[in-house]
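Undergrad: whatever this is, show me its structure:
(chains A, B, C and D)
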There are 4 protein chains.
Amino acid sequence: MQLGMIGLGRMGGNIVRRLLRDGHSAVVYDRDPKTVAALVEAGATGADSLEDLVAKLEAPRTAWVMLPAGAITEETVKQLGDLMAPEDTIIDGGNSFYGDDVRRAAELRPKGLHYVDVGTSGGVWGLERGYCMMIGGDKPTVDRLDPIFRTLAPGAGEIPRTPGREGRDPRAELGYIHAGPSGAGHFVKMVHNGIEYGLMQAYAEGFDILRHANAESVPEARRYELELGDIAEVWRRGSVISSWLLDLTASALAGDEHLEDYSGFVEDSGEGRWTINAAVEEGVPATVLSNALYRRFRSREQESYADKLLSAMRKGFGGHLEPKQPKM
Amino acid sequence: MQLGMIGLGRMGGNIVRRLLRDGHSAVVYDRDPKTVAALVEAGATGADSLEDLVAKLEAPRTAWVMLPAGAITEETVKQLGDLMAPEDTIIDGGNSFYGDDVRRAAELRPKGLHYVDVGTSGGVWGLERGYCMMIGGDKPTVDRLDPIFRTLAPGAGEIPRTPGREGRDPRAELGYIHAGPSGAGHFVKMVHNGIEYGLMQAYAEGFDILRHANAESVPEARRYELELGDIAEVWRRGSVISSWLLDLTASALAGDEHLEDYSGFVEDSGEGRWTINAAVEEGVPATVLSNALYRRFRSREQESYADKLLSAMRKGFGGHLEPKQPKM
Amino acid sequence: MQLGMIGLGRMGGNIVRRLLRDGHSAVVYDRDPKTVAALVEAGATGADSLEDLVAKLEAPRTAWVMLPAGAITEETVKQLGDLMAPEDTIIDGGNSFYGDDVRRAAELRPKGLHYVDVGTSGGVWGLERGYCMMIGGDKPTVDRLDPIFRTLAPGAGEIPRTPGREGRDPRAELGYIHAGPSGAGHFVKMVHNGIEYGLMQAYAEGFDILRHANAESVPEARRYELELGDIAEVWRRGSVISSWLLDLTASALAGDEHLEDYSGFVEDSGEGRWTINAAVEEGVPATVLSNALYRRFRSREQESYADKLLSAMRKGFGGHLEPKQPKM
Amino acid sequence: MQLGMIGLGRMGGNIVRRLLRDGHSAVVYDRDPKTVAALVEAGATGADSLEDLVAKLEAPRTAWVMLPAGAITEETVKQLGDLMAPEDTIIDGGNSFYGDDVRRAAELRPKGLHYVDVGTSGGVWGLERGYCMMIGGDKPTVDRLDPIFRTLAPGAGEIPRTPGREGRDPRAELGYIHAGPSGAGHFVKMVHNGIEYGLMQAYAEGFDILRHANAESVPEARRYELELGDIAEVWRRGSVISSWLLDLTASALAGDEHLEDYSGFVEDSGEGRWTINAAVEEGVPATVLSNALYRRFRSREQESYADKLLSAMRKGFGGHLEPKQPKM
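TA: This next block holds a predicted model:
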């Protein structure tokens, strides 16, 4: 099947490679001609503009936009909307806000254009492991594109089947689902990332407690010097908390248990924030997911105004100024 | 009434002064003879040792220990237990753990000694405003000491009476209560401090949101430059969230809205921690109180190992190292 | 000064009454003619439609909308925008989202109309105590309306002045501020409510811990039966955590310490939710404020799907089904 | 190697079975003679009392206690301490508090007895998958018992090796570690369970958000009806959040997405609580782990006193009584 790809960064480029390997064809475009050239070498057809890309696709066309969420994706979808013809399909495979999907699909519908949103997980490992995909859009279009999704997905592999799934959608076992109408793909992916933050924070706090098991505030008889790398490793083996994130933790700790190379300045993407907004809108108590996000916010502050205000209040009733610089 | 006071720091010294002003007498001791001399000048009888203090008190003696919680208080109570005679009373007015009160009272009982724990709130303002006191111990002893407590308490003052309290313990309206048996005074004071942390954190977060109302991540049309000092002031006037802590906040912000003098390194006392332990023991979800404590823990970390581990996991699946030093 | 008031519920009606008492005049309208009649009796001029109200106001007109936030307020502001003339002013005194203020002000500006948003705190106590007001809008308009705000505000009263405020906006000491341009009034009021949730939750958790001080999971020697009403009362007297919310708590507990009349089904308004959204947008860790909101969400769930999923996972690895109905 | 096992519940019984299968021998005792008989049939030697068990073991003896943490374990260890001889070893494989391990080891040391604490994860799956073990005690004893641990552990299996672990303790890759001196095994297991609570809560909240994606409070254009079972399944396939707990979630949802059989009454074990106590003692902000525990506390309350107090305060300032029974 033929696919147009706009945006040939690590994700977009690897998606094209995985498609080419499985016998699909691709027309590719990126503002950086070097990335286009590299994929042409791998078997893709190069385009030097959006117009050129649309011209080189056979109708009904499918153009996958794999760009940073926000203004660039918005503008690109808009331009494609002007260039493409009825029955063509635009896929947004980036990390867009699901509300934007709903709006775009409604804007493109009068032109006879289809819009599909695809949330993907798998990061840099996708080329090798395949991409876990959550897809939103109308059923006929998602069905038409099935060969693309099937190739990109990890497939059943060696992961044991979940008992009791007989009669349910077999695509889930291959690593992709049609989650629902427009926006549903990115909505599910968004919650996925919200959960990811919570899981990561749970491990991070646990290892923080292990690391400080030798704190001076602990009575000496109960202080421990623990090997965090070995602990992460042993938990990978038969414990209740084994996971891929734990595998990554074990890798990091095998290298340097003190994590000296890391700043502890932790970014967050829009998806963690939108998850909280969605929970608030739904009235769902997302206690742990919100706290995980807030710990990231806090990680990026050198000095917290909130903390200073606490000190100021303490001075107000206790009469003492807290020391200025003795942080641990 | 006569009282012995051990520990003449800001709290102990002012308690003695407030008692003397109201016609009580006091025998005072401190390791620092200068503080003893200052109170002798104010009308107290000085002592140069615990033995001397006990000797100068008339039976039944009452000795109030006003020292830092922990080893010093423990040792002093023990020594007094050896020096004093049946029917004498030891008061611990510091910030001791209520479990220690229970144990000490049980240890002193066979000697015929009474033990009273007094949690006090009011800080540096107590001499002027009076001390809010939460008292634990056996009823006859607490009743016998009532003249002391009545003098130290703020009294009814101009604070409006709570409707519907007719027939209830009138002491509460004067600013002191007999909370229950040994430990009950410190237990109630402990929860008081736990609440204090929660209240302070709520204000701190609110002002943090106000202060960042001009953040770049906010769409320009909705950015505000707010006068935090005026906001604190206006909330003191008829709003639902007026409080003494807000008064202190307004004072601090009237001086310097940027709080440049404060480090944002926020201490916590044992009481905030014991509150969490008590909640966990009782099975009560102390969500906000715990989070307030944790924000203080976090305020004292320059670098968080938990945060570093998040960065390490992110590198594991995203392939990028987070920047080393751009904190805000 | 003359004011038109649309919406004569408890808030709108009392605002008019407070204005009339101080010599202002008012034209009033409500869909319920009985509330109009009641205020006419108190000295206001009645109107039987928005058109009538606008016709009875002298230019430059000022119409205060005091209706539930959302569709009704939106529609009313829109209609007024069509009926009023250049230099007239529309005030939204309800609990609108500040983003709506920004939009409405921009929509009305081309017509020469002014828009002012007023966040008010004080609830049912406002008629007597005055209204604490946070105002957004352009300076000339807010200045022009000053006589109205001055009358509605609580005034300096007996609340002690904050030291160090010399030279700052004197309105804050009277109980109202001009917080900034459109939306700033509701933004500050929103954060006020966010803080309110946090404060309330802190008290609620503290009293929950006190109430369960006799839990069976606590070793018998450290169990207490505490008088919560007396504790609330004593904390009003000289303690660090005294506040108006504590006064209300003491009142409630004086009536019935067991709070049997209350369901524990706790509503939340839009403002608590918008506060979280604002914090997320700004990147401010609003830990305690969010958790307070979530506890309200949770309070309204009879059964939590999240909890059921925990039980399901526990069955998965532990093999046991948790009991179906033994909640406390 | 020969092992005595006291306590033949699911865990103790399966441990013996796994040992017998691999050529070890066992003397077994339980208060319920039927469980003894069943294991005798499987090849173990039965004992009808602790004395009998000790008598049937060859010196140096090793007795593994696999009983509920608390009084029963405490009493059994004490009795064994009286029955056994110098150089014998007592293993506590239950879920004891690590502080108890420290104390017991110190009590047994003067008698020449060794004490080993083993935290195990793996639940009902251990017989088949092996037990992930975290071991505390003195090195010679832990080394002497290595054949036992090696048999019980899962072994390397098909789990990929963590790169960079060359030269580190190879036991971790087989699924067991010697974590440190007495108590270290249970300490690490305790933190494991603390993390487990956090991970579970993160998944539970995410699925709660997915389930309520069709809430009435959400604008209609953005409401989704999602297939939670398919979503759990697809996330098992190449996503960042794949884990064993997610496998269990997918199984549960494959059966009944509505989880009708579950009450949502979620128990917690001592370990989740001790983790919080340890974090508080160390001064580590265990934000997410604590909140996960508190959500379990809350899950077991039919009515929350804290929530009622919120309602009471709301009535105080808003004048309205919240509805008595409309929970969702």
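Undergrad: just checking, A:Lys111 touches A:Leu80?
TA: No: the criterion here is C-beta atoms under 8 Å, and A:Lys111 misses it with A:Leu80 at 10.7 Å. Where C-beta positions appear, they are placed from N, C-alpha and C, glycine not excepted.
Undergrad: quick one: name the residues of the stretch 201-328 of chain A near chain C.
TA: A:240, A:273, A:276-277, A:280-281, A:283-287, A:290-291, A:293-295, A:297-298, A:300-301, A:304, A:306, A:317 (C-beta under 8 Å from any C-beta of the partner chain).
Undergrad: just after the helix or strand containing A:Thr35, pick out the following helix or strand.
TA: Assigned by DSSP states H and E, A:Thr35 falls within helix A:33-41. Note on helix A:33-41: by DSSP H and E, the next helix or strand toward the C-terminus is strand A:45-46.
Undergrad: which one is A:Thr162 nearest to, not counting chain neighbours?
TA: Leaving out its chain neighbours, the residue that sits closest to A:Thr162 by C-beta to C-beta, 6 or more residues apart in numbering or on different chains is D:Ala250, at 4.6 Å.
Undergrad: that's a strand at that neighbour, yeah?
TA: No: counting by DSSP: H, G, I helix; E, B strand; the rest coil, D:Ala250 falls outside a strand, being helix.
Undergrad: quick one: residues contacting it.
TA: When contacts are counted by C-beta atoms under 8 Å, 6 or more residues apart in numbering or on different chains, D:Ala250 touches A:Thr162, D:Gly229, D:Ala232, D:Glu233, D:Trp235, D:Arg236.
Undergrad: and which of those residues is nearest to chain B?
TA: Set against chain B, the nearest of these by C-beta to the nearest C-beta is D:Trp235 (13.9 Å).
Undergrad: how about the contacts of D:Ala250 in a markdown table, adding neighbour count?
TA: Below are those laid out as a markdown table (neighbours: other C-beta atoms under 10 Å in any protein chain shown):
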| residue | neighbour count |
| --- | --- |
| A:Thr162 | 22 |
| D:Gly229 | 23 |
| D:Ala232 | 26 |
| D:Glu233 | 30 |
| D:Trp235 | 28 |
| D:Arg236 | 24 |
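Undergrad: pipe those residues into JSON lines and attach secondary structure per row.
TA: JSON lines is the format used below for the contacts of D:Ala250 (three-state DSSP):
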{"residue": "A:Thr162", "secondary structure": "coil"}
{"residue": "D:Gly229", "secondary structure": "helix"}
{"residue": "D:Ala232", "secondary structure": "helix"}
{"residue": "D:Glu233", "secondary structure": "helix"}
{"residue": "D:Trp235", "secondary structure": "helix"}
{"residue": "D:Arg236", "secondary structure": "coil"}
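Undergrad: out of those residues, who's nearest D:Asp32?
TA: The closest of the contacts of D:Ala250 to D:Asp32 turns out to be A:Thr162 (C-beta to C-beta; 35.4 Å).
Undergrad: shouldn't that closest one be in contact with D:Asp247?
TA: Yes: between A:Thr162 and D:Asp247 a contact is recorded at 7.1 Å, counting by C-beta under 8 Å.
Undergrad: please enumerate the shared neighbours of those two.
TA: Joint contacts of A:Thr162 and D:Asp247 (C-beta under 8 Å, 6+ apart) are D:Arg236.
Undergrad: picking up where we left off before, which one of A:Lys111 and A:Leu80 has more residues nearby?
TA: A:Leu80 (23 against 13; other C-beta atoms under 10 Å in any protein chain shown).
Undergrad: are the lowest-mean-pLDDT helix or strand in chain A and chain B in contact anywhere?
TA: The weakest-scoring helix or strand in chain A, judged by mean pLDDT, DSSP states H and E, is helix A:126-129 (a mean of 85). No: applying C-beta under 8 Å from any C-beta, one finds helix A:126-129 separated from chain B by no less than 10.3 Å.
Undergrad: for that helix, packing partners?
TA: Applying 3 or more C-beta pairs under 8 Å, 6 or more residues apart in numbering or on different chains; DSSP states H and E, we find helix A:126-129 packed against helix A:10-21.
Undergrad: the helix it packs on vs helix A:33-41, what angle?
TA: Counting by axes from the mean of the first three to the mean of the last three C-alpha atoms, to 10 degrees, helix A:10-21 lies at 20 degrees to helix A:33-41.
Undergrad: list the buried ones in helix A:10-21?
TA: Buried residues in helix A:10-21, defined by neighbour count with 16 or more other C-beta atoms under 10 Å in any protein chain shown: A:Arg10, A:Met11, A:Gly12, A:Gly13, A:Asn14, A:Ile15, A:Val16, A:Arg17, A:Arg18, A:Leu19, A:Leu20.
Undergrad: once you drop chain neighbours, what's closest to the fifth one?
TA: Spelled out, that is A:Asn14. A:Leu127 (4.0 Å).
Undergrad: tell me who's in contact with the one you found.
TA: With contact set as C-beta under 8 Å, 6+ apart, A:Leu127 has these partners: A:Asn14, A:Arg17, A:Arg18.
Undergrad: relative to D:Asp101, which of those residues is nearest.
TA: Of all the contacts of A:Leu127, D:Asp101 sits closest to A:Asn14, with 49.9 Å by C-beta to C-beta.
Undergrad: A:Val284 and chain B, how far apart?
TA: A:Val284 sits 16 Å away from chain B, going by C-beta to the nearest C-beta, to the nearest Å.
Undergrad: doesn't A:Trp64 lie inside a helix?
TA: No: read with three-state DSSP, A:Trp64 is strand and lies in no helix.
Undergrad: who does it bridge with?
TA: In this entry, A:Trp64 is beta-bridged to A:Met5, A:Ile91, by DSSP bridges.
Undergrad: correct me if wrong: it contacts A:Gly13.
TA: No: using C-beta under 8 Å, A:Trp64 is not in contact with A:Gly13; the gap is 11.9 Å.
Undergrad: around chain B, pick out the residues from the stretch 51-200 of chain A.
TA: Where the stretch 51-200 of chain A comes near chain B, counting by C-beta under 8 Å from any C-beta, the residues are A:Gly123, A:Val124, A:Trp125, A:Met200.
Undergrad: with adjacent residues omitted, what lies nearest to the second one?
TA: Closest residue to A:Val124 in three dimensions, ignoring its sequence neighbours and counting by C-beta to C-beta, 6+ apart: B:Gly319, at 4.2 Å.
Undergrad: pick the one among the buried residues of helix A:10-21 closest to B:Lys34.
TA: Nearest to B:Lys34 out of those is A:Arg10 (C-beta to C-beta; 71.0 Å).
Undergrad: mind listing what the residue nearest to the closest one when sequence neighbours are not counted touches?
TA: Leaving out its chain neighbours, the residue that sits closest to A:Arg10 by C-beta to C-beta, 6+ apart is A:Val124, at 6.4 Å. Under the criterion of C-beta under 8 Å, 6+ apart, the neighbours of A:Val124 are A:Arg10, B:Phe317, B:Gly318, B:Gly319.
Undergrad: repeat that for A:Val288.
TA: Counted by C-beta under 8 Å, 6+ apart, A:Val288 has contacts A:Gly198, A:Gln201, A:Ala202, D:Gly198, D:Gln201, D:Ala202, D:Glu205, D:Val288, D:Asn291, D:Ala292, D:Arg295.
Undergrad: same question for A:Gly319.
TA: Residues near A:Gly319 by C-beta under 8 Å, 6+ apart: B:Arg10, B:Gly123, B:Val124.
Undergrad: apply 10 Å and report the result again.
TA: By C-beta atoms under 10 Å, 6 or more residues apart in numbering or on different chains, the residues touching A:Gly319 are B:Arg10, B:Gly123, B:Val124, B:Trp125.
Undergrad: and what of A:Val16?
TA: A:3-5, A:8, A:24-28, A:38-39, A:42-44, A:64, A:66, A:127.
Undergrad: what angle do the longest strand along chain A and helix A:10-21 make?
TA: The longest strand of chain A (DSSP state E) is strand A:114-121. If you take the same axes, to 10 degrees, strand A:114-121 sits at 100 degrees to helix A:10-21.
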